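Trainee: structure here, sequence nowhere to be found:
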């Protein structure tokens, strides 16, 4: 893969290319519709060549939702180091991975706290580099390998700290003016995978579902129900701990308390098929809650290019199709097309996005980087636009993992075909990024303007899996529902009809609040 440059040096190169006509900035999604938006857009264009001003503007800009965010990868390495040290974990000095005690006397598995305290060593610095993409250089390993190798190294440090992890991510989101998060997690402690193995897999999804629905001998509860109870209890406990740490409902509440957090159940796609089916079944079960106050959907994780992922892909799409018939209310978003030429054989780039859309019925796609390598790519893009399949665009992640950036990224193609898109972070802790940085990349590397970014922020909430009717009657033109069409969008006191509409819809309420934030933001200009 090509070596990623720093984001600013890439931005400078792309800006020059745009100026020279080598790269075409995509046309704005729509014209600015009101004086405040026009002023903000003009000001933004005036500071494009001033990186500090551009950063300050985009950090303060309302961003809506981050819909593609792995909780474990969203935490910065500094937090993991502290938790591992305070928890008495051991450091594998050769691999820089941590593990539970006891630590051995030969010092190949030394107490982390002691290693950190030794002034003759640079353990802290080395851990941050090993557990993230900071100071990564391709002379030793690819960005892809370094990125995915971080997770088993710091993984044990997060045990028992889920509440603190949520608190960190929510607090950072609030500082970056993000109002809604969908976080990926597997909270059942392996119960669903074990249930799937016990049920067995013969290739017949209906038989596997029936086996999972049968209570164990002498019990009235199924293994899948037990897994669901464990998952719900884990998440509720973690959310309570988050609120305690952020001092919510007190006079000293952290801004993170205002961020709405929902969950996506993540399935390990590279595992054995019986275990994968058990996890998928639990994800569908949890995501079928009609109130959608906790788990709102499911996704599949792990490197898409791994042998298990590539070998299982077609079977997994059929599993999802079968489970959809049993759980029609569940929402599905799928990692698909997080691939680049050379990572897999050419034929491996030709079908993941299409199968995710056409067979699995995914409502959103994560990454979608290899879309132009798909069979009949233009028809696929038009199909995604017609079906309103949104793409979660993760620019930093695609750069550091795949080496895809600038004009090599297909974002402009999605926009050209009218496919809805929104920016997301993926693993902001490992990538040393946040959603503000993604907005900067979208501006500098993709040539997007203020109206484009504003449309993406609105789109992020439109395609969030939170319950309720949308504020938008037409989400392409952002025309509000009739109940809220009079007056100013986002005004402090909406009409009585609009307020009733908002009170009945958590989604519309979040969307109205985003409009309120835009109204206040644009008044500054």
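Mentor: Cool, got the structure. Quick caveat: nothing in here was measured; it's all calculated off a predicted structure.
Trainee: what about residue 48, how many neighbours?
Mentor: 17 (other CB atoms under 10 Å). Backbone N, C-alpha and C define where each C-beta goes, glycine included.
Trainee: what do you get for the one 10 residues further on?
Mentor: Residue 58: 24 surrounding residues under other CB under 10 Å.
Trainee: how near is it to residue 249?
Mentor: Residue 58 sits 31 Å away from residue 249, going by CB to CB, to the nearest Å.
Trainee: elements contacting the top helix by length along the chain?
Mentor: When the chain is parsed with DSSP state H, its longest helix is helix 223-245. Where contact means 3 or more CB pairs under 8 Å, 6 or more residues apart in numbering; DSSP states H and E, helix 223-245 is packed against helix 162-175, helix 191-199, strand 260-268, helix 273-286.
Trainee: how distant is it from the center of its chain?
Mentor: 20 Å (CA atoms, centre = their mean, to the nearest Å).
Trainee: tilt between that helix and strand 260-268?
Mentor: 140 degrees (axes from the mean of the first three to the mean of the last three CA atoms, to 10 degrees).
Trainee: residues making contact with helix 223-245?
Mentor: Contacts to helix 223-245, defined as CB atoms under 8 Å, 6 or more residues apart in numbering, come from residues 162-167, 170, 185, 187-189, 191-192, 194-195, 198-199, 212-213, 216, 249, 256-257, 261, 263, 265, 278, 281-282, 285-286, 294-295.
Trainee: which among these count as buried?
Mentor: 162-167, 170, 185, 187-188, 191-192, 194-195, 199, 212, 256-257, 261, 263, 265, 278, 281-282, 285-286, 294-295 (16 or more other CB atoms under 10 Å).
Trainee: can I see the domain layout of this protein?
Mentor: Segmentation of the chain into domains, based on automatic domain parsing, reads 64-74+159-462, 79-131.
Trainee: may I see those organised as a markdown table, with distance to residue 483 and mean pLDDT added?
Mentor: Output for the domains of the chain, formatted as a markdown table (distance: least, CB to CB, whole Å; pLDDT from 0 to 100):
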| stretch | distance to residue 483 | mean pLDDT |
| --- | --- | --- |
| domain 64-74+159-462 | 17 | 96 |
| domain 79-131 | 44 | 94 |
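Trainee: what's the closest of those domains to residue 48?
Mentor: When the domains of the chain are ranked by distance to residue 48, counting by CB to CB, first place goes to domain 64-74+159-462 at 7.3 Å.
Trainee: residue ranges of the helices in the stretch 251-400 of the chain, please?
Mentor: Under the criterion DSSP state H, counting those that start in this stretch, helices of the stretch 251-400 of the chain are mapped to 273-286, 307-326, 352-358, 377-387, 395-402.
Trainee: dump those into TSV; add distance to residue 180 as well.
Mentor: Shown next, in TSV, are the helices of the stretch 251-400 of the chain (distance: least, CB to CB, whole Å):
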stretch	distance to residue 180
helix 273-286	19
helix 307-326	25
helix 352-358	23
helix 377-387	23
helix 395-402	20
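Trainee: list phi and psi for the nearest residue to residue 440 once chain neighbours are set aside.
Mentor: Excluding its sequence neighbours, the residue lying closest to residue 440 (CB to CB, 6 or more residues apart in numbering) is residue 58, at 5.5 Å. Backbone torsions for residue 58, taken as degrees, to the nearest 10, come to phi -70, psi -30.
Trainee: any idea which element residue 147 lies in?
Mentor: Element membership for residue 147, per DSSP states H and E: helix 143-154.
Trainee: give me the contacts around that helix.
Mentor: Contacts for helix 143-154 (CB under 8 Å, 6+ apart): 1, 4, 72-73, 77, 80, 84, 95-98, 130-133, 136, 140-141, 303, 305, 343, 400-403, 427, 430-431.
Trainee: residue 498 and residue 510, how far apart?
Mentor: Distance from residue 498 to residue 510, by CB to CB: 14 Å.
Trainee: please read the previous query as pertaining to residue 136.
Mentor: Counting by CB to CB, the gap from residue 136 to residue 510 is 36 Å.
Trainee: same check on residue 123?
Mentor: Residue 123 is 43 Å from residue 510, by CB to CB.
Trainee: check residue 420 too.
Mentor: 17 Å.
Trainee: swap in residue 90?
Mentor: Noted for residue 90: a distance of 44 Å to residue 510, by CB to CB.
Trainee: how about the secondary structure of the residue positioned nearest the centre of the chain?
Mentor: A centroid search over the chain (CA atoms, centre = their mean) returns residue 68, at 1.3 Å, as the residue closest to the centre. Taken by DSSP: H, G, I helix; E, B strand; the rest coil, the conformation at residue 68 corresponds to strand.
Trainee: report the contact partners of it.
Mentor: With CB under 8 Å, 6+ apart, residue 68 has these contacts: 182, 333, 366, 392, 394, 424-426.
Trainee: mind jotting down where the strands sit in this structure?
Mentor: For the chain, strands defined by DSSP state E occupy the ranges 64-70, 90-92, 97-99, 109-111, 178-185, 260-268, 295-301, 333-336, 364-367, 390-393, 421-423, 472-474, 479-480.
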